[in-house]
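Enquirer: just the structure for this:
(one chain, ligands or ions: 2)
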Amino acid sequence: AIFPPELRFAIVKAFSSFSNYFSTNCYFDITEIDGVNTNELYNAVQLYLSNSASISGGRLSITRALNSSATTFGLAKNDTLVDNFNGMTIHWEHIVTQRQSQTFSLSWRAVPDEKRGFVLRVKKNHKPLVLNSYLDHIMDRSTQIRRRNQDRFLYTNSRGGSLDSRGNPWEAVAFKHPSTFETLAMDPAKKSMILDDLREFADGKLFYQKTGRAWKRGYLLYGPPGTGKSSMIAAMANYLGYDVYDLELSEVNRNSELRKLLMKTTEKSIIVIEDIDCSINLTNRKKGGRACGNCDLSPPPSRHSDTRGGLNEEGGNPITLSGLLNFTDGLWSCCGSERIFIFTTNHIDKLDPALLRSGRMDMHIFMSYCSLPALMILLKNYLGLKEEEIEETMMREFEDLIEKAKMTPADVGEVLIRNRRDKGKAVTELLKELQTRAEKAREKGISTGEKNPTEIMVEEEQEKRALEIPKVGNGETVENCDDGEDEGKKF
Ligand SMILES: Nc1ncnc2c1ncn2[C@@H]1O[C@H](COP(=O)(O)OP(=O)(O)OP(=O)(O)O)[C@@H](O)[C@H]1O
Ligand SMILES: [Mg+2]
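Expert: Ligands and ions are numbered 1, 2, ... in the order given. So this is what the prediction gives:
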C-alpha cells in the first residue's frame, strides 16, 4: 500500500533486468504442442538431434517411422546434448513432464498425457545467430534426414480427375524401383554429364535464387523403346531421393485440372510425362485470339487473350500444348520449388519445336541402342563379368558387331537373363544374337550412314542453340504456328 503500482512495476522491472544482466545465458523453449497445433520445429529438432554426431547421452530413444527403412535415435526423457554450430555451443535438453490430470470435459480430446519440449540454451550474445541461422539449419537438415529415411513415393493421377477424401488428385504407392546410375547401361561420359547436371541442380538453391530463375529443370529423354528411358527416370529419382509424379495426360480433361495436379505436387519431385508425342495432340495449340492457317484443329480461342494463362475453363476442352507448356514453364510451375520435369518420347521428330526450345527442356538426352561401354556395364551387372575377363577375340567381335546390330539394352538384358546360369553360354548366345541382327540390318541396308551417339549429341546441341535464336520477349515467337523460321529446324 505504500508504493504506488507504477513504482512497484518499475522496481520489478529493474530487478528483472538486473538479473538478466548477470545471466549470460539465453533460453528457448520448443514445446511439442503449441496450443492445439503440433509444433513443426519440435519434430524438426527431434530429427536433427537424432542425427547429431555428438550424441553422447546415456539413454536414447529409438524410433522407426512407417514406411521407413532407417532407425532414428533421439534424446530420451530429460536427457541433454551439446551441439556446435558456426563456433557457437548449444545445449539441448529434452524435458518431459507429466501433464496434470485433465478434467473430464477435456479428456475426450486426445492430448498426449506427457508434455514434451526441448530447451535450447546458448550464450546471450549468440541469440541472433540462433534466430537467424541455426533454426533454419535445423529445418533444412531435418527435411534432408526425413527424406533419406523415408522411402519415396510414386504418384499417379489414374483416377481421372477425381479426388480422394483429402482432396488429393494423386494416388501414391511406395516407390521401390531398383534402377540406379550404376545399373544403367549407357555411355559413361554421358552418364557423368547427367549426374553432374543433377547434382548441380539439387545443390543450386542459391544460384537459382540469385539469378531469379525458378528452381526447376527439364529433361527430354528420347530414343527407341527399351533403351532405358524409364529406367533413367527411376535412377534419377533414386539418386536425388525425389518423389516421382507420373502424369497420365490422357486422364486430364482440362488445363485447369492440370494446374491443380501441379499445385498438389511436393517439392523435391520429378514430374514425368511419358510418351509425350502420344499423349497430347501437338497440333492442338491455342493461340491468344489469333487464328492461323495451320492451326485449324485448335478449339476457338479462349476469352483470355493471354496464352500463357492457359486458363481454359470453358467446359471440358482437352488440354492443349499451351496448357502443357504453361504447366512446365509458366507462373504456376513455380508454386513449389526444386522440381524436375521429364518428358519421354520415342519420336523426337514428332515433337513441336515449341516444346524443344531451350529453357523449356534444359537437356535433351538421347537414349541410344546398346554401345560397347553400355554392353560392358550390362555384362558386369547381369553376369558379374569384368571387361578384362573377356577374351580379346570376343571383345573385338563385340566391338565390331554392337553398333551394327542395333540391339537395345533391354534386348541384351533379355539374352543375358535367359542364360545367366552359364556365363560362357550367355556370352556366346549374345554374340550369336548380335550376328543375326547385324546381318539383318545389313540386308535392310539400315546400317549405312550411321551416326554414333556422340555425334548426335553434338548435333542436338547445335540444333538446340538454333532453336534459341528466334526468341523474342518471353519466347512467344516459337509458339506462333505461322512463323516459317522454325520449319527448317525440325529434328
Ligand atoms: N540403358 C539400360 N540400362 C540398363 N537396363 C536397361 C537399359 N535399357 C533398358 N534396360 C532394361 O530393359 C527394360 C526396359 O527398359 P525401359 O523401360 O527403361 O525402356 P524405355 O526406354 O522406357 O522403353 P519405352 O520407350 O518402351 O518406354 C528395363 O527393365 C531395364 O531392365
Ligand atoms: Mg518407358
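Enquirer: so which bits of this protein are right by ligand 2?
Expert: Residues of the chain found near ligand 2 (CB under 5 Å from the ion) are 229-230. All C-beta spots, glycine's among them, are computed from the backbone N, C-alpha and C.
Enquirer: and the residue of the chain nearest ligand 2?
Expert: Among the residues of the chain, residue 230 lies closest to ligand 2, at 3.2 Å counting by CB to the ion.
Enquirer: am I right that that residue is in contact with residue 367?
Expert: No - taking contacts as CB atoms under 8 Å, residue 230 lies outside contact range of residue 367: 9.8 Å.
Enquirer: and the helices in the stretch 51-200 of the chain, which stretches?
Expert: Assigned helices in the stretch 51-200 of the chain, in chain order: 104-107, 127-129, 135-149, 188-202 (criterion: DSSP state H, counting those that start in this stretch).
Enquirer: what comes up buried for the shortest one?
Expert: Okay, so that is helix 127-129. By neighbour count with 16 or more other CB atoms under 10 Å, helix 127-129 contains the buried residues residue 129.
Enquirer: whichever strand or helix holds residue 41 packs against which elements?
Expert: For residue 41, the element it lies in under DSSP states H and E is helix 40-50. Identification of packing neighbours for helix 40-50 by 3 or more CB pairs under 8 Å, 6 or more residues apart in numbering; DSSP states H and E yields strand 25-31, strand 72-75, strand 114-123, helix 135-149.
Enquirer: got a list of contacts for the first one?
Expert: Right, strand 25-31. For strand 25-31, the surrounding residues in contact (CB atoms under 8 Å, 6 or more residues apart in numbering) are 39, 41-42, 45, 115-124, 126-127, 130.
Enquirer: could you dump the helices of the stretch 51-200 of the chain to a markdown table with mean pLDDT?
Expert: Putting those into a markdown table (pLDDT from 0 to 100) gives the following:
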| stretch | mean pLDDT |
| --- | --- |
| helix 104-107 | 47 |
| helix 127-129 | 91 |
| helix 135-149 | 82 |
| helix 188-202 | 95 |
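Enquirer: pick the most buried one from the helices and strands packed on helix 40-50.
Expert: Mean neighbours per residue, mean count of other CB atoms under 10 Å, is largest over these for strand 72-75, with a mean of 20.
Enquirer: so who does residue 339 touch?
Expert: Residues near residue 339 by CB under 8 Å, 6+ apart: 215-217, 265, 267-271, 333.
Enquirer: try residue 240
Expert: 198, 202, 268, 270, 340.
Enquirer: circling back: so which of the helices of the stretch 51-200 of the chain is nearest ligand 1?
Expert: Closest approach to ligand 1 among those is made by helix 188-202 (9.6 Å; CB to the nearest ligand atom).
Enquirer: of residue 230 and residue 367, who's got more company?
Expert: Using other CB atoms under 10 Å as the criterion, residue 230 and residue 367 rank with residue 367 on top: 25 against 19.
Enquirer: wait, the more buried one touches residue 223, no?
Expert: Yes - using CB under 8 Å, residue 367 makes contact with residue 223 at a distance of 3.4 Å.
Enquirer: give the residues shared as contacts by the two.
Expert: With contacts defined as CB under 8 Å, 6+ apart, the residues shared by residue 367 and residue 223 are residue 229.
Enquirer: give me the nearest residue to residue 171, chain neighbours excluded.
Expert: With CB to CB, 6 or more residues apart in numbering as the criterion, residue 171 has its nearest non-adjacent residue at 5.3 Å, and that residue is residue 156.
Enquirer: partner residues bridging that neighbour?
Expert: Beta bridges link residue 156 to residue 171, residue 246, judged by DSSP bridges.
Enquirer: who touches it in this structure?
Expert: By CB under 8 Å, 6+ apart, the contact set of residue 156 is 170-171, 173, 245-246, 248.
Enquirer: from those, list just the buried residues.
Expert: Applying 16+ other CB under 10 Å to the contacts of residue 156 flags 170, 245-246, 248 as buried.
Enquirer: point out where the stretch 201-350 of the chain drops to low pLDDT.
Expert: Under the criterion pLDDT under 70, the flagged ranges of the stretch 201-350 of the chain are 280-317, 332-336.
Enquirer: near ligand 1, which residues of it?
Expert: 225-231, 346 (CB under 6 Å from any ligand atom).
Enquirer: run the last query once more with 8 Å
Expert: Counting by CB under 8 Å from any ligand atom, the stretch 201-350 of the chain comes close to ligand 1 at 221, 223-234, 274-275, 344, 346.
Enquirer: Produce a PyMOL select command limited to the buried residues of those.
Expert: Here is the PyMOL command that selects the buried residues among these (16+ other CB under 10 Å):
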select buried, resi 221+223+226+227+228+229+230+231+232+233+234+274+275+344+346
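Enquirer: now, which of the residues of the stretch 201-350 of the chain next to ligand 1 lie within strands?
Expert: Those of these mapping onto strands are 221, 344, per DSSP state E.
Enquirer: restricted to helices, list the residues of the stretch 201-350 of the chain next to ligand 1.
Expert: Counting by DSSP state H, the part of those found in helices is 229-234.
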